[in-house]
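Asker: Quick one, structure for this:
(chains A and B)
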Amino acid sequence: MSVEYFEEEEFKTQFNGQTLRRILALTRPHWRWVVGFLVTIALVSSLDSIFTYLSKLIIDNGILAQNRSELYRLLIIYGSLGFVQASGVFGFIYLAGVLGERVRYDLRQKMFNHLQGLSLSYFSRTPVGWIMSRVTSDSERVADLVTWGLLDVTWGMMNIITAMGFMLFINWKLALIVLGILPILFYVAYEFRKRILGEFRNVRKVNSKITGAFNENITGVRVVKALCREDANLEEFKALTADMYRSSYRAAWLSALFLPSVQLVSAIALAAIVWYGGWQVQVGGMTVGGIQAFVSYVTFMMWPIQDLARVFAEMQHAIASGERIFSMIDAVPDVKDLPGAYDPGTIQGDIEFDNVTFYYDEGDKKPVLENFSLHVKRGETIALVGETGGGKTTIVNLICRFYEPKSGSIRIGGKDYREYSLHAIQSRIGMVLQTPHLFSGTIRENIRYGRLDATDEEIVEAAKLAGAHDFIIKLKKGYDEEVGEGGNLLSVGQKQLISLARAVLAKPEVFIMDEATSSVDTLTEALIQRGMEMMMKGRTSFVIAHRLSTIKRADRILVIEQGKIAEMGSHAELLRKRGKYYSLYTKQFRHQMEQDLDPFSQPEQLAAA
Amino acid sequence: MTVSEAVLNYDLKRAVHTNRLKGLWRLMRGFRKLYIAATLSLGISAVAKTLTYLLLRYFVDDYLVAGSAALTLPAIALGFILLAGLEGGFSFLSGKLAAQTAEGITRRLRNYLFDHIQRLTFTYHSRMETGELIQRSTSDVDALRRFFADQAIGIGRIILLFVINFIALLQLNVKLALISVIVVPVIVGISLIFFRKISKAYEEYQTQDAVLSTTLQENLTGIRVVKAFARQEYEIGKFERDNWEKFLRGKKLLKMHSLFWPISDTICNLQILVGYLVGALMAINGEITVGTFLAYAGLIVWIIFPMRNLGRLIVQTSTGMVSYNRVMEIIKQDRESLETGKHRPKSDILGKIEFEQVGFAYDDGNVALEDITFKCEPGQVVALLGSTGSGKTTLVNLLPRFYEYTSGRILLDDIELKRYPRLFLRQQIGIVEQEPFLFSRTIRENITYGVGREVPQSEVEAAAKAAAIHDIILTFEKGYNTLVGEKGVTLSGGQKQRVAIARTLLKNPRILILDDSTSAVDTETEAEIREALQNLMKGRTTFIIAHRIQSIMDADLILVLDKGRIVQRGRHADLVRQDGIYRQIYEIQTRIDDELEKEIASVS
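Answerer: Residues are numbered from 1 along each chain as shown, chains lettered A, B, ... in the order given. The predicted structure follows:
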């Protein structure tokens, strides 16, 4: 479930009746709407045939019979039915259209809500882009099938049936000839549609490659120029546009050929009618109006047929979309509340890892954590240090119960934490991530994320405690300043301070911090340090530490290496030991000092951003 | 039919015009005949359709009613098939030619833009936002494609249909014809008004769609935060609000559609009804024949109903016009020439460089470099030290002529730099950036990128080994064929840098520019990178942009820059003896060692 899934544009499935039924069932809560648009479209469709029949009557009984009053009568019927049809048109566009929007809305909501309940493991193995296109494009395709698709099928069928009915009524022999031609028409139309659709998919694929090529060439223009790759790049790009030209030309070419081909088939039918009909008029079995009606019925029959063909060609893809949506909705969270899970009211207390083994993937050769045991006393501050990939983040993930141990157990306050509800644990943990994530909106909204019912005063209070207040009030709109998408209008340091304020506001019982590695200016650094210190006071805290001051302040330092505790103890103890911690510390010390003392280093200015 | 080279290589700069319609016409250069042929075919097809109705008239009047037709029944039947064939054939031809025109123009435009953008100056690139450029090259070009493929041809089709069928109607009966078109201006007017509104509503709908996507994306990328604060309910509520708003906007859009179509239907139907009434009465009175009435009843449909789409096409055309401007703004810019410059030596350069009172100022007059004078012999190492904005990067950017110095002169092998063609210069210079840009291709392709010849695997591996990246590449499942980037492996900053070193080793330039700020690299890999760099620098004139002293202690010349000027110069041994920034930095090292001693002593 990784790369192959991401490249799923070509994903096609065989006709799957079960999925189709499930897709159709999406309209069940709104069945009145479905009935509404089906009835109105059926009305509109049969009126089309009636109009043609009325024209026949106008010719035969009005004009040819030279009967003026009959003519007026027929035209009045024609006109009033016209109004009826117009309201029918209003009805089906409104009903089917709005229902379509509604089904999209339902689907998006269902998917989003389900996603919120899925475990972190789902998100780490599913690319964001994949999920995005399920929620955006697949939902559209499925909704289109159950509204416009259903509508087109009904319209087409109704149109063909009523037209056939009238034709049979006017002249059954001639009608049978037309009936014989219908399957051919449908077959031709369907084959065309399938190919056209295929070409359009190809066009879309090449198009995204072209966008990619532009993107890369523009962002990498420095390298392109430095390596004199202009000509080679242009050649590669020309191959892409040639591909694009071929596909889109073929798609346009097929589309252009499509209507004439269908028209030609119906022209042959038309010729047959003229031939046979003309002979019948002489014999006396057919009227002029009757021939005219036949000509109209046959000419317009190609529209329902081409619509039907289109819907059937597209259905395949809509079903594939449906399958992907359902695969997501059917995904089960790995971590969920056990039956009888309860909220203990607090999660203060000792946290114990008891022989915990953990791996992310069944296929992993070596577990990330192996027989890991640790007893953290209430209120203790633990610093986790060590190489990337050693397992520090995993320990934090397990405490938050984003994942659960594969074997062994974690106890909070003496009880296996799986007995508690997820919400009970997670709502009492405050977390500051290495790369702070903010949401679009104002600073106030972002801080309030920590506790939704917090008053404005409490937000200011939290910001003050976290050291964010000073820079916030210097902004033009203060707390109402927009942070931009993902917080990109703020500097890294500012984002860190706000995410710290967010955690402060949450008043968590356990505090977890993944320290940022990127350097911020000294003032911000000091503010963050102060905020952290305040958070750690009296709380059980875990810090994935990079800054020397943080490490030194911890009650206990754990050097994590290859899923195990390599060294453990206080700063002084470990330093005296002259082991792994010693070398790690001295290296970090040099690195940090070099940065701090470098007269050239100009870290971002907090106020300037 | 294929288009000639001359047409494909037409310089689109000539399509820049203040009159947008004229500009669009110029953009069609080389495809105009095709386009005219497409329009003509459309006309023939429309005529065939009209003739079908006239044949129907003949069939009814002369054959059925009068029974005195000169043509036999099979001939008439054959006539219908022929006309249908004619109509279909030419409509196909028109579609085919129109596609050739539109796709051909677009292809040429895309190629031109792509090439144009990569040849624009650095000044332009640093000024423009990437996203903006990409959007203009993709969505705006697509809007232009739609203009040529749908709108231009669609408007032509509607007008042709109207003219031809109206002429036919006039032939049938002038009075009837005039009565039948009363409603046309009304329909066009209404459709214009409606579609203007619809396009606005559609934009609002699209905007909300973007908002919803952002909400979704932020939720997905920040899922750890959501979970850490147990904010699932809150997120659901937030998404629900945006989702509902999108539903409402979609509903509004649909309401407009559901009003427009029946209303325009009714108007068209009323017109047709009036036509029927007048026509039928005339037929009864014997003013026209039954066949004429039938032909009339068929033709009128093709005059009235297509008009409803005219508004849509006209509204969309204005989008195409806006896109034309946006695309042409890029095309208007001047490229930097890679070829101009008289001096192009047959062999590689030696790498002797002299700066003589060189200065550089940006277009807006901002001075970035001033009075830079120094000299270095082939194979020497020049180190540049200074804070961000001191001019280090600008200085090295002058060498490959990314920027042109604005005063003084630079001599390369005793010849002024401006006399070398850019292409030649850049082939002689290799650049390794601090955070190098890699392309989403395989590692092998990234290493051979820019070499411009087939490279045997052994040579690639040798370069990778010298760059200390070979072993890491082998740990990937697909080795050298591993894709870099989103769809493949994510390389760390240090790994990227070493791939770039391998890339530069293969290029084998005479002059080297290194950005040696290793701050992004974790301490483990620092030594390996240093070794790789040593391999790379051997025998090449090297410019190092440095942050720390260890990497430049052996440099032949150290330049300390501040605010665009050289404030200190010399070798390490000289500089440590002078008062100044250099010594300050140097002393930091000793200070660190002292502090560390103290630190360790304090715990024991």
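Asker: hang on, residue B:558 in a strand?
Answerer: Yes - Residue B:558: assigned to a strand according to DSSP: H, G, I helix; E, B strand; the rest coil.
Asker: That one touches residue B:567, doesn't it?
Answerer: No - the criterion here is C-beta atoms under 8 Å, and residue B:558 misses it with residue B:567 at 11.4 Å. C-beta here means a position set from N, CA and C on the backbone, and glycine is covered the same way.
Asker: what about these two, which has more around it?
Answerer: In this comparison of residue B:558 against residue B:567, neighbours counted by other C-beta atoms under 10 Å in any protein chain shown, the higher total goes to residue B:558 at 23 against 15.
Asker: Leaving out sequence neighbours, find the closest residue to that one.
Answerer: With sequence-adjacent residues excluded and distances taken as C-beta to C-beta, 6 or more residues apart in numbering or on different chains, residue B:558 is closest to residue B:383, at 4.6 Å.
Asker: go on, residue A:253?
Answerer: Nearest to residue A:253 is residue B:96, by C-beta to C-beta, 6+ apart, at 5.3 Å.
Asker: show me the contacts for the one you found.
Answerer: By C-beta atoms under 8 Å, 6 or more residues apart in numbering or on different chains, the residues touching residue B:96 are A:252, A:253, A:256, A:257.
Asker: And the pLDDT for it?
Answerer: If you check residue B:96, the pLDDT there is 92.
Asker: which SSE is it in?
Answerer: Using DSSP states H and E, residue B:96 sits within helix B:73-118.
Asker: Do any residues in whatever helix or strand comes next after that helix lie close to chain A?
Answerer: Counting by DSSP H and E, the next helix or strand C-terminal to helix B:73-118 is helix B:122-127. Yes - applying C-beta under 8 Å from any C-beta of the partner chain, one finds helix B:122-127 touching chain A at B:122, B:125.
Asker: if we look at helix B:122-127, which residues are touching it?
Answerer: A:218, A:221, A:222, A:225, B:333, B:362, B:363, B:397, B:402, B:403.
Asker: Which of the contacts of residue B:96 ranks first by neighbour count?
Answerer: Going by other C-beta under 10 Å, residue A:252 tops the contacts of residue B:96 with 22 neighbours.
Asker: any idea how far that one is from chain B?
Answerer: Between residue A:252 and chain B the computed distance is 3 Å (C-beta to the nearest C-beta, to the nearest Å).
Asker: and if you look at residue A:236?
Answerer: 10 Å.
Asker: mind checking pLDDT for the most centrally placed residue in chain A?
Answerer: By C-alpha atoms, centre = their mean, chain A has its centre lying nearest to residue A:132, at 2.2 Å. pLDDT, residue A:132: 88.
Asker: Could you do residue A:602 as well?
Answerer: pLDDT at residue A:602 comes out at 52.
Asker: all strands in the chain, in order from the N-terminus.
Answerer: Using chain A here. A:351-358, A:369-376, A:381-385, A:407-412, A:415-416, A:429-432, A:510-514, A:540-544, A:556-561, A:564-569 (DSSP state E).
Asker: You answered for a different chain; I wanted chain B.
Answerer: B:353-361, B:367-376, B:381-385, B:407-412, B:415-416, B:429-432, B:511-515, B:541-546, B:557-562, B:565-570.
Asker: who wins for proximity to residue A:486 among those?
Answerer: strand B:511-515 (27.5 Å; C-beta to C-beta).
Asker: Show me the contact partners of the closest one.
Answerer: B:349, B:351, B:353, B:393, B:396, B:399-400, B:428-434, B:504, B:533, B:536-537, B:540-545.
Asker: just those residues that are near chain A?
Answerer: Of the contacts of strand B:511-515, the ones that also sit near chain A (C-beta under 8 Å from any C-beta) are B:400, B:429, B:430, B:431, B:433.
Asker: Enumerate every residue touching the first one.
Answerer: The contact partners of residue B:400, by C-beta under 8 Å, 6+ apart, come to A:225, A:226, B:422, B:425, B:426, B:429, B:431, B:513.
Asker: again, but for the second one
Answerer: Residue B:429 makes contact with A:226, B:399, B:400, B:509, B:510, B:511, B:512, B:513, according to C-beta under 8 Å, 6+ apart.
Asker: out of the residues you listed, which one sits closest to residue B:44?
Answerer: Scanning the contacts of residue B:429 for proximity to residue B:44, where the rule is C-beta to C-beta, the winner is residue A:226, at 55.6 Å.
Asker: Put together CSV for the contacts of residue B:429, with distance to residue A:176 and pLDDT on each row.
Answerer: Output for these, formatted as CSV (distance: C-beta to C-beta, whole Å; pLDDT from 0 to 100):
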residue, distance to residue A:176, pLDDT
A:226, 75, 85
B:399, 85, 93
B:400, 80, 91
B:509, 82, 91
B:510, 86, 91
B:511, 86, 93
B:512, 85, 92
B:513, 84, 92
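Asker: how much space is there between residue A:245 and residue B:95?
Answerer: Between residue A:245 and residue B:95 the computed distance is 16 Å (C-beta to C-beta, to the nearest Å).
Asker: Next, find the distance separating residue A:117 from chain B.
Answerer: Taking C-beta to the nearest C-beta, one finds residue A:117 at 7 Å from chain B.
Asker: Nearest residue to that residue in space, please, no chain neighbours.
Answerer: residue A:333 (5.6 Å).
Asker: just to revisit the earlier point, a markdown table for the contacts of residue B:96, including distance to residue A:353?
Answerer: Listed next are the contacts of residue B:96 as a markdown table, based on distance: C-beta to C-beta, whole Å:
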| residue | distance to residue A:353 |
| --- | --- |
| A:252 | 64 |
| A:253 | 67 |
| A:256 | 69 |
| A:257 | 70 |
